[in-house]
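Engineer: let's see this in three dimensions:
(one chain, ligands or ions: 1)
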Amino acid sequence: MKGQFPIEKFGALQTPFYYYDTSILRQTLEVIKKELDKMDNAVVHYAIKANANPQVLRTIREYGLGADCVSGGEIRAALQAGFSPDKIVFAGVGKADWEINFGLEHGIFCFNVESIPELEIINELAAAKGVVAQVEFRVNPDVKAHTHANITTGLAENKFGIALSDVERVIALAGKMQHVKFVGLHFHIGSQILDMGDFAALCNRVNELQAQFEQHHIKIENINVGGGLGIDYQHPNRQSIPDFHEYFKTINTLIKRREGQVLRFEPGRSVVAQCGSLISKVLYVKQGTNKQFAILDAGMTDLIRPALYQAYHKIENITSELPIETYDVVGPICESSDVFGKAVDLNKTSRGDLIAIRSAGAYGEIMASQYNCRALPKGYVTEDLL
Ligand code: LLP
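Structural biologist: Reported below is the predicted structural model:
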């Protein structure tokens, strides 16, 4: 066993695969639960989009979390893992009719609505079933998050949410509809956010809106602040559990909650990223003109984050103890963006060595594709290897 990996068990498995360290996941969930217990009327809805591996989901559900879903498929995955429908929220700018119906049939807690046309369709479909759908409105808070451009969502220029200036009008409109009930506001400013100042800016915006609505006697039962807490990709071992204390404290103290108001969170990455690694085998070590390449059997089809967001993931050779050399670590896919890292220091690497690409528990396995007719990578949790 090198570091935290049961390498002796890895030999029997077909690479590449995802390995989820259940003890890290559980420690993370313990911390979330402890912080949650300190707050009144707070619910955490795990964002299924980060990782929907059935065993990972079941573990998360054991800690009493709810689920944040963005598709009918995610609602199904959440229900199969045992998440309670009354703790399921459903977001997304483009909900299909069958997905709305699916949510209605299972009595999910609420739909996070992003536009008037969507509100109208939910009202219509709920009427056809003779039910009332609870809705929160996703507000585009126009708050800048200091993160990668592809994963910032709360700016006026983004496709998400209802513009600040329209929210009151939309709430009034919902009030006139028979089959929707307005229950709260939903926000999300982006992902991989480490600057608490960004969350503070969101809280200020929420407070402004509440004050404005109060003047017009609009009651907000729920405030859902979305997800976004970032993780330390540089040091997965040193900081394997994100700073939930600071995160929850910032939001819980800054938002001026009204009597009985429920605060909801939707963390995804911060719950699952550090427990997962993509495990791959070295196929070849190739000498280039000025550098050497470690060519892996994992590619961007298995973990697309480096290619799509220029994301950094720590890479380790978990089977070599030899002196360090420098490699460009690449995959086998026919795309020049199929690179996991350039000038990476690894213990001297040879064919057959195992490589761990760390902090890959979030937006890893779930974003895998079959490009080049490749098989999807499997995911294993610690218990599978005992
Ligand atoms: N709530 C809403 C409405 C969201 O859109 C998201 C993520 C979350 C919650 C969860 O955010 P988290 O806590 O994971 O930051 N594929 C990208 C990340 C996309 C995030 C999309 N929305 C990546 O690999 O970095």
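Engineer: please list all residues in contact with the spatially closest residue to residue 313 that is not a sequence neighbour.
Structural biologist: When the adjacent residues along the chain are set aside, residue 313 lies closest to residue 357, with 5.0 Å between them (C-beta to C-beta, 6 or more residues apart in numbering). The way it works is simple: take the backbone N, C-alpha and C, and place the C-beta from them, glycine included. Counting by C-beta atoms under 8 Å, 6 or more residues apart in numbering, residue 357 makes contact with 277-280, 298, 303, 313-315, 340.
Engineer: my guess is residue 102 contacts residue 76. True?
Structural biologist: Yes. The pair residue 102 / residue 76 is scored as a contact, 7.4 Å apart, by C-beta atoms under 8 Å.
Engineer: who has more neighbours out of those two?
Structural biologist: When residue 102 and residue 76 are compared on other C-beta atoms under 10 Å, the one with more neighbours turns out to be residue 102, at 19 against 15.
Engineer: which secondary structure element contains the more buried one?
Structural biologist: Assessed by DSSP states H and E, residue 102 sits inside helix 97-105.
Engineer: now residue 312
Structural biologist: Judged by DSSP H and E, residue 312 forms part of no helix or strand.
Engineer: out of everything not next to it in sequence, what's closest to the residue of the stretch 1-150 of the chain found nearest the ligand?
Structural biologist: Shortest the stretch 1-150 of the chain-to-the ligand distance, computed as C-beta to the nearest ligand atom: residue-wise this is residue 47, at 3.6 Å. Spatial nearest neighbour of residue 47, excluding adjacent residues (C-beta to C-beta, 6+ apart): residue 268 at 3.0 Å.
Engineer: where does the residue nearest to residue 240 when sequence neighbours are not counted land on pLDDT?
Structural biologist: Excluding its sequence neighbours, the residue lying closest to residue 240 (C-beta to C-beta, 6+ apart) is residue 274, at 4.6 Å. As predicted, residue 274 sits at a pLDDT of 98.
Engineer: what's the local residue count around residue 274?
Structural biologist: The tally of other residues near residue 274 (other C-beta under 10 Å) stands at 28.
Engineer: distance of the residue positioned nearest the centre of the chain from residue 188?
Structural biologist: Central residue of the chain (C-alpha atoms, centre = their mean): residue 268, 2.9 Å from the mean position. Note on residue 268: its distance to residue 188, by C-beta to C-beta, to the nearest Å, is 10 Å.
Engineer: got any residues that touch both of those two?
Structural biologist: With C-beta under 8 Å, 6+ apart as the test, residue 268 and residue 188 both reach residue 227.
Engineer: give me the helices and strands touching the longest helix anywhere in the chain, please.
Structural biologist: For the chain, the longest helix by residue count, based on DSSP state H, is helix 196-215. Packing partners of helix 196-215 (3 or more C-beta pairs under 8 Å, 6 or more residues apart in numbering; DSSP states H and E): helix 167-175, helix 244-254.
Engineer: what does the stretch 201-350 of the chain put close to the ligand?
Structural biologist: 226-229, 266-270, 305, 309 (C-beta under 6 Å from any ligand atom).
Engineer: rerun that using 8 Å as the cut-off
Structural biologist: Proximity of the stretch 201-350 of the chain to the ligand is confined to 226-230, 266-271, 304-305, 308-309, 311 under the rule C-beta under 8 Å from any ligand atom.
Engineer: narrow those to those in strands?
Structural biologist: Using DSSP state E, no member of those sits in strands.
Engineer: pretty sure residue 342 sits against residue 336.
Structural biologist: No. Here residue 342 lies out of contact with residue 336, judged by C-beta under 8 Å, at a distance of 11.9 Å.
Engineer: compare neighbour counts for those two and give me the winner.
Structural biologist: The neighbour comparison of residue 342 against residue 336 (other C-beta under 10 Å) goes to residue 342, with 12 against 8.
Engineer: tally up the residues packed near residue 319, please.
Structural biologist: Other residues near residue 319 come to 20 when the count uses other C-beta under 10 Å.
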